[in-house]
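Student: Generate coordinates for the sequence data below:
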Amino acid sequence: MIERINPSGVHVPQHYHQAVVVQPGAQVLLSGQCPLDPEGRLVGDGDVAAQAAQVARNIGLALDAVGAAPSDVVRTTVHVRSDDRADLVAAWHALVSSPVAAAFTSASTLVGVAQLGYAGQLVEVDVVAVLPA
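Tutor: Residues are numbered from 1 along each chain as shown. Next up, the predicted model:
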């Protein structure tokens, strides 16, 4: 069981929740999902939204491979290589508008970073999910 909570006295975010309580179940930790296609090629060179869309596709495939759904996600961390808030917003909007949008309704953090692992990479997302007990 997953319970998403916005405590009294803390601002209520538009898409995510401030706290998530998880009852016993198998924990799923995905590697940082990158904007790479099945052949390992970067998708969306220079385009934050296109890279976020590819990351969302990869998240969906990885969750499906372990028998999890986006609604089983309890924590995400979105890394965007930029110090421009508009880029962070573009990545977030692409993710919360994607087929895995439910993954971003739990606890989430959106951060701008100086560098990511692949040349030209602008977006990476860490995901933690819990399978039903």
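Student: Show me what V21 is bridged to.
Tutor: On the basis of DSSP bridges, V21 takes part in beta bridges with E3.
Student: tell me, how many neighbours does it end up with?
Tutor: 10 (other CB atoms under 10 Å). Heads up, the C-betas are built off the backbone N, CA and C, glycines and all.
Student: Just the element for the spatially closest residue to P99 that is not a sequence neighbour, please.
Tutor: With CB to CB, 6 or more residues apart in numbering as the criterion, P99 has its nearest non-adjacent residue at 5.9 Å, and that residue is G60. Element membership for G60 (DSSP states H and E) is helix 48-65.
Student: ok, now G44?
Tutor: Short version, using DSSP H and E: G44 is in no helix or strand.
Student: Touching, it and A56? I think so.
Tutor: No: using CB atoms under 8 Å, G44 is not in contact with A56, being 11.7 Å away.
Student: Pull the contacting residues for R75.
Tutor: The contact partners of R75, taken as CB atoms under 8 Å, 6 or more residues apart in numbering, are V20, S106, A107, S108, D126, V127, V128.
Student: picking that back up, would you check that the residue nearest to P99 makes contact with V100?
Tutor: Yes: counting by CB under 8 Å, G60 sits close enough to V100 to count as a contact (4.8 Å).
Student: Going by neighbour count, list what's buried in stretch 64-73.
Tutor: For stretch 64-73, a neighbour-count test (16 or more other CB atoms under 10 Å) marks A68, P70, D72, V73 as buried.
Student: Give me the distance between the nearest residue to the last one once chain neighbours are set aside and V125.
Tutor: Once flanking residues are discounted, V73 sits nearest to A103: 3.8 Å by CB to CB, 6+ apart. The span separating A103 from V125 equals 9 Å under the rule CB to CB, to the nearest Å.
Student: So for those two, which residues contact both of them?
Tutor: In contact with both A103 and V125: I59, T76, L95, using CB under 8 Å, 6+ apart.
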